[in-house]
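Peer 1: When you get a sec, could you give me coordinates for this:
(one chain, ligands or ions: 2)
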Amino acid sequence: MLSVEEALAQILSRVRPLGTEQVDVLSALGRVLAEPIVARRELPPWPNSSMDGYAVRAEDTRPGGAALAVVGRVIAGDMPARILRAGEAMRIFTGAPLPEGADAVVPQEDVATDGDTVTIRGRIAHGAYVRPAGEDVRAGDIVVSPGQVAGAAEVGLLATLGYARVRVHRRPRVAILSTGNELAELGTVPGPGQIPNTNTYSLMAQTLEAGAEPVSLGVVPDRLEAIIERLGWAGSADVLVSSAGVSVGELDLVRAALQRSGAQLHLWKVSMRPGKPITFGSLDGRPVFGLPGNPVSAMVTFELFVRPALRRMLGCAVVARPRVVARALAPIANRGARRGYLRVGLSRDAEGYGARLTGDQGSGILRSMVLADGLAVVAPDTEISAGGPVEVIVLRGLEPRATDTTGR
Ligand code: AMP
Ligand code: MG
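Peer 2: Ligands and ions are numbered 1, 2, ... in the order given. Okay, here's the model as predicted:
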């Protein structure tokens, strides 16, 4: 049996970043940058004032106070009309360029004015309330490296640096297929013996969350020819993900269908719970994943194997989720010979993160997945007692929840 790490290493060794495309700056939000963002200019471009006040020469100020002649005024958007000489001050506003000769700003609340004279109390330090040229970025600096996901701050920086368009990695198109005679499509009433189709939707949502584009191939019954035909619908998709029908039962036909379609497959037993064997392979050079059918097993195996592959195809520098070491708030037990990925809620207090199981850990219990902030990674046959450390893969940010049944 492979470890999760061994299986993931095999998958990642077989996927590569996709090509790139140019998008306008706002559309870069959430996309992975494919070019370094280089400062084409200095920011700020010239020294400027961080306060409304008076631009002065620090050396003109005295501990006992100094009266300076006000020789002009400069507002944001203008350039100073002249240089500043000894014994002079210039009225200045936040963001306005400092006149040549000045090297400090005195906030207006710290001065006394009388006609064209301003009295500065005390000695002013060189550089006070001045934002030097290039304090944010210097021309030629690489401000964001390729492989980073652009957030709102990156979008703002791109605009500041004059990038109207930027090169990002193409999003993988992911074809999602659900297999099973028992599945009733959303919008239809499940017939006798049928259950609602969950996986198409959870897997498409996980695909979107990973930054990729899902395409549904719908539901196909457990018939070899039907599955083969439906796999053909994947068309130009970059990745294929199916759920169910991958164990060793009579109606587990996904592997046979993939092979008949020309795929080269590996079937792995991976030492994890939830999650039965998963199938991974390639079909016409594209990665294919056959995930287990139970809704939580499908989601957890997507999380551990498909998501990192999609992140790699997206060109992400880091494909893994963050992990934290939390404190078990109540015992967390993993009975059985496989490593557990247990659904936990996370909370924060003065001592750090706390983790608590969200409920029944059955592989069909989506409810406890809904409540989970992360997956606790627990060794086989191990019980972590209350207060003990537990490693948690963080699946989402710790936003307060309106309904909270986890006792946080
Ligand atoms: P299988 O791997 O085909 O044996 O399926 C395992 C379990 O997952 C069975 O109870 C199936 O009914 C269930 N299952 C399979 N596919 C889906 C799906 N798309 N939505 C919800 N449950 C599913
Ligand atoms: Mg089945």
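Peer 1: Rounded mean pLDDT for the helix or strand where Ser297 lies, please.
Peer 2: According to DSSP states H and E, Ser297 maps onto helix 295-301. The average pLDDT within helix 295-301 is 97.
Peer 1: so how far is Ile393 from the closest residue to Val392 other than its chain neighbours?
Peer 2: Spatial nearest neighbour of Val392, chain neighbours left out: Gly374 (4.2 Å); criterion: C-beta to C-beta, 6 or more residues apart in numbering. For glycine as for every other residue, the C-beta is placed from the backbone atoms N, C-alpha and C. Separation of Gly374 from Ile393 (C-beta to C-beta, to the nearest Å): 5 Å.
Peer 1: Looking only at neighbour counts, state which of these two leads.
Peer 2: Gly374 (27 against 19; other C-beta atoms under 10 Å).
Peer 1: Tell me what Ala104 is bridged to.
Peer 2: Beta bridges link Ala104 to Val56, judged by DSSP bridges.
Peer 1: I'd say it and Tyr54 touch.
Peer 2: No: Ala104 lies out of contact with Tyr54 (C-beta atoms under 8 Å); the separation is 9.3 Å.
Peer 1: burial of the closest residue to Gly65 other than its chain neighbours, as a residue count?
Peer 2: Nearest non-adjacent residue to Gly65, counting by C-beta to C-beta, 6+ apart: Arg121, 5.1 Å away. Per other C-beta under 10 Å, the neighbour tally for Arg121 reads 15.
Peer 1: Isn't Arg121 up against Asp110?
Peer 2: Yes: using C-beta under 8 Å, Arg121 is in contact with Asp110, at 6.4 Å.
Peer 1: Around ligand 1, which positions in this protein sit nearby?
Peer 2: For the chain, the contact set with ligand 1 under C-beta under 6 Å from any ligand atom comprises 178, 180, 182-183, 195, 197-200, 243-245, 247, 292-295.
Peer 1: switch the cut-off to 5 Å
Peer 2: Ser178, Gly180, Asn197, Thr198, Asn199, Ala244, Gly245, Gly293, Asn294 (C-beta under 5 Å from any ligand atom).
Peer 1: Tell me which entries of those residues lie within strands.
Peer 2: Ser178 (DSSP state E).
Peer 1: farthest pair in the residues of the chain next to ligand 1?
Peer 2: Thr198 and Gly245 (14.9 Å; C-beta to C-beta).
Peer 1: And Ala104 and Tyr54? Which one has more around it.
Peer 2: Between Ala104 and Tyr54, counted using other C-beta under 10 Å, the more crowded position is Tyr54 (27 against 23).
Peer 1: What sits closest to that one if chain neighbours are left out?
Peer 2: Tyr54's closest residue in space is Ala89 (C-beta to C-beta, 6+ apart), at 4.4 Å.
Peer 1: quick one: contacts of the helix or strand containing the one you found?
Peer 2: Using DSSP H and E, Ala89 falls within strand 88-92. Residues from elsewhere that reach strand 88-92 (C-beta atoms under 8 Å, 6 or more residues apart in numbering): 49, 52-57, 60, 68-74, 80, 84, 98-99, 101-102, 105-106, 118, 120.
Peer 1: Run the chain-centre distance for it.
Peer 2: 47 Å (C-alpha atoms, centre = their mean, to the nearest Å).
Peer 1: Likewise for stretch 274-294?
Peer 2: 24 Å.
Peer 1: Flag every buried residue along it.
Peer 2: Under the neighbour-count criterion of 16 or more other C-beta atoms under 10 Å, stretch 274-294 has 274-283, 286-294 buried.
Peer 1: How about stretch 204-211?
Peer 2: Those would be Met204, Gln206, Thr207, Ala210, Gly211, for stretch 204-211 by 16+ other C-beta under 10 Å.
Peer 1: Can you mark which positions in the helix or strand hosting Val390 are buried?
Peer 2: According to DSSP H and E, Val390 maps onto strand 389-394. Of the residues in strand 389-394, Val390, Glu391, Val392, Ile393, Val394 count as buried by neighbour count, 16+ other C-beta under 10 Å.
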